[in-house]
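Asker: need coordinates for the below:
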Amino acid sequence: MIFDDDQIALRNVARRFAREKLRPDYQKRESEPGLDRALLKEMGSLGLIGVNLSEEYGGLGQSHLTAGLIIEEIAYGDINVSYVQLIGSLLGLLVQRHAKPELARHWVSRLVAGEAIVALGLTEPRGGSDAANLQVKARRVGNEYILSGEKTSISFSTQADMIILFARTGKPEDGARGVSAFLVPMDLPGIQTTRFNDVGENIIGRGSVFFDDVRIPAENLMGEENKGFMQVMVGFDFSRILIGLMTVAAAQASIDETWEYMKERQAMGVPIVQYQGVSFPIVEYETLISACRQLCYHGLTLIDAGLPHTAEAAMVKWMGPRTAFDAIHQCIVTLGHYGYSKDAPHQQRLRDAMGLEIGDGTAQVMKLIVARERAGRMAVQYATENRK
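Answerer: Presented below is the predicted three-dimensional model:
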């Protein structure tokens, strides 16, 4: 893949920031309760958030591929901090495209500047991967909508300044066609949040958000009523590729550190990197990680060209997190007692990357998507019929 001068310049800015500012304190940040807002603003001032967004809204008007290059570099330093790039590029784009212009300018400009955190309110307790069957309701009363219900497994549940909420405005039997999207400030009366005690991704935080007859202006509706679900489904293809790059980058950091260790560590008078039984497993994962990275780049170039990319997005969404987990695990085993220690960063990367095997769609769902794209609806007909 060949990059232009602007892409290389932006990637270099992100690389320096990630390796000099983020990577040294990656483990230290795990004990912090949330994202450092000053760190967000610093990234915003460097132009590292939402680069694919319009210049009118504070972005740089760059390509989706450029956004991918930046998120990969940030994730190399800290996969959790790279969530900022994910929500900036994905949710900022949704707001830019579908919100009322004045609301879009307000929220997107703050998002790009690192002054606001936005959450995605889609998953519900009974739904999971069946995201179209939403129970959270939005009732139109005059010039307002009244929101009621629970969202769960929401990243940034206790930190977000605003949530893009997907709620049912139509009848339950309408399925995806009865879902609308709303911009909901998180400081409104009637909103309560919880935080889960998760294995990883501590500074992000995941939890539930409860809406107890929360009132929002009708102008906070994004796009058309009852068509919100299709808006976010289009965005998911983009986010899935970004997640592939996030996990690839975390694995690459562990692989690079393992190569350095193998060159220095000696056994029987020679560096252990000279033993094929030690080096070949790392070579294999270096190869798989490189292949996944290139497929991610390919998927982003398809988006920029306006070409279909759903299958490629689903491929890297299951392959990236799975391969990254396995690669980091191999690094821990290769490093032995040192790798197994919490003094080393690999166990944290393993836990942080593992969460992305679940979020934005499991491997099983991703494989169903690829089968459907390649073989048509017949490939998933049996699974669909047996869910009813």
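Asker: what about the stretch 51-200 of the chain, any weak spots by pLDDT?
Answerer: Scanning the stretch 51-200 of the chain for pLDDT under 70 picks out 127-131.
Asker: need the helices for it, in chain order.
Answerer: Using DSSP state H, counting those that start in this stretch, the helices of the stretch 51-200 of the chain run over residues 64-77, 83-98, 101-112.
Asker: single out the most deeply packed of these.
Answerer: helix 64-77 (a mean of 27; mean count of other Cβ atoms under 10 Å). Every residue, glycine included, has its C-beta placed from N, CA and C.
Asker: mind checking which of the helices of the stretch 51-200 of the chain is nearest H346?
Answerer: Nearest to H346, of all the helices of the stretch 51-200 of the chain, is helix 64-77, at 13.9 Å by Cβ to Cβ.
Asker: tell me what that closest one is packed against?
Answerer: Contact here means 3 or more Cβ pairs under 8 Å, 6 or more residues apart in numbering; DSSP states H and E; on that basis helix 64-77 packs against helix 5-17, helix 83-98, helix 228-264, helix 276-304.
Asker: in JSON lines, list these along with distance to E73.
Answerer: What follows is the helices and strands packed on helix 64-77, written out as JSON lines (distance: least, Cβ to Cβ, whole Å):
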{"stretch": "helix 5-17", "distance to E73": "4"}
{"stretch": "helix 83-98", "distance to E73": "9"}
{"stretch": "helix 228-264", "distance to E73": "7"}
{"stretch": "helix 276-304", "distance to E73": "12"}
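Asker: for those, which one sits closest to K151?
Answerer: Smallest distance to K151 across the helices and strands packed on helix 64-77 (Cβ to Cβ): 13.1 Å, for helix 228-264.
Asker: any idea how far that closest one is from the chain center?
Answerer: 9 Å (Cα atoms, centre = their mean, to the nearest Å).
Asker: same question, stretch 342-353
Answerer: On Cα atoms, centre = their mean, the centre of stretch 342-353 falls 18 Å from the chain's centre.
Asker: okay, that stretch in PDB with CA atoms only?
Answerer: The C-alpha atoms that make up stretch 342-353 are tabulated as PDB, following Å, rounded to 0.1, in the frame of the first residue of the first chain:
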ATOM      1  CA  LYS A 342       1.900  -8.000  35.300                       C
ATOM      2  CA  ASP A 343       5.000  -5.900  35.200                       C
ATOM      3  CA  ALA A 344       5.000  -6.500  31.400                       C
ATOM      4  CA  PRO A 345       2.200  -5.000  29.200                       C
ATOM      5  CA  HIS A 346       1.300  -8.100  27.300                       C
ATOM      6  CA  GLN A 347      -1.300  -9.500  29.700                       C
ATOM      7  CA  GLN A 348      -3.100  -6.100  29.600                       C
ATOM      8  CA  ARG A 349      -3.100  -6.000  25.800                       C
ATOM      9  CA  LEU A 350      -4.500  -9.500  25.800                       C
ATOM     10  CA  ARG A 351      -7.400  -8.400  28.100                       C
ATOM     11  CA  ASP A 352      -8.000  -5.200  26.300                       C
ATOM     12  CA  ALA A 353      -8.000  -6.800  22.800                       C
END
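Asker: tell me the mean pLDDT over that stretch?
Answerer: Stretch 342-353 comes out with an average pLDDT of 96.
Asker: buried ones in it?
Answerer: By 16 or more other Cβ atoms under 10 Å, the buried positions in stretch 342-353 come out as A344, P345, H346, Q347, Q348, R349, L350, R351, D352, A353.
Asker: the third one is in contact with T334, isn't it?
Answerer: No - with contact defined as Cβ atoms under 8 Å, H346 and T334 do not form a contacting pair (9.7 Å).
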